[in-house]
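A.B. asks: can't give you the sequence, but here's the structure:
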C-alpha cells in the first residue's frame with residue numbers, strides 16, 4: 001500500500017511540530033556596579049562619595065549612569081535621599097555642598113545640601 005499525499009503531509013506536519021524550538025541565547029549579565037568613589041572632602045573629617053548608581057536613557061535613547069551621594073564621617077554613613085547626579089559636588093563653606101540634580105542624563109537645578117540635615121534646598125539663580 002502506497003502512502004497518499006495527505007498521509008505524508010500529516011506525518012511531516014506532526015514531526016515538524018514535535019521538533020524543539022531553538023533555545024535563545026542567554027542575555028549577557030549586566031555590567032558590574034561601579035565602586036564607591038570619593039568625590040569631595042570637607043572640614044571635620046567629612047567625605048562625600050558616589051555610591052549607588054542607576055543606568056538611564058536620555059530623550060534620544062543614549063544611555064548614561066547617574067550616581068547617588070553618600071556623606072561619611074567617622075563610622076557614620078548617610079545617603080542624600082533621591083538625589084542622583086553625574087557631577088562631583090563642590091564645597092559651599094564648611095557646612096554644605098552644592099550638587100546638580102540629574103534626571104534621565106539631563107542636568108537640572110543646583111541644590112545646597114547641608115551636611116547636618118542632608119536636606120537639599122534648591123539654589124535660586
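C.D. replies: Yes, it's here. Bear in mind that the values here come from a model prediction, so they are computed numbers and not experimental data.
A.B. asks: Next, count neighbours for residue 59.
C.D. replies: A total of 8 residues lie near residue 59 under the criterion other C-beta atoms under 10 Å. Bear in mind the C-beta positions are built from the backbone N, C-alpha and C, glycine included.
A.B. asks: whoops, residue 24 was the one
C.D. replies: For residue 24, the neighbour count with other C-beta under 10 Å is 6.
A.B. asks: Pretty sure it sits in a strand.
C.D. replies: No: counting by DSSP: H, G, I helix; E, B strand; the rest coil, residue 24 is not part of a strand but coil.
A.B. asks: Kindly list the main-chain dihedrals of it?
C.D. replies: The phi/psi pair for residue 24 (degrees, to the nearest 10) reads phi -70, psi 150.
A.B. asks: Give me the pLDDT value at it.
C.D. replies: Here the pLDDT value assigned to residue 24 is 82.
A.B. asks: Please apply the same query to the one 4 residues further on.
C.D. replies: On the pLDDT scale, residue 28 is placed at 81.
A.B. asks: State the distance from it to residue 64.
C.D. replies: 19 Å (C-beta to C-beta, to the nearest Å).
A.B. asks: Who has more neighbours out of those two?
C.D. replies: Ranked by neighbour count (other C-beta under 10 Å), residue 28 and residue 64 place residue 64 first, with 14 against 6.
A.B. asks: The more buried one and residue 84 touch, don't they?
C.D. replies: No: if you go by C-beta atoms under 8 Å, residue 64 and residue 84 don't touch, sitting 10.6 Å apart.
A.B. asks: Does residue 40 touch residue 89 like I think?
C.D. replies: Yes: contact between residue 40 and residue 89 holds when scored by C-beta under 8 Å: they sit 5.4 Å apart.
A.B. asks: got any residues that touch both of the two?
C.D. replies: Shared contacts of residue 40 and residue 89, defined by C-beta atoms under 8 Å, 6 or more residues apart in numbering, are found at 48, 97.
A.B. asks: who's more crowded, the two?
C.D. replies: Set residue 40 next to residue 89 and count neighbours by other C-beta under 10 Å: residue 89 wins out with 23 against 17.
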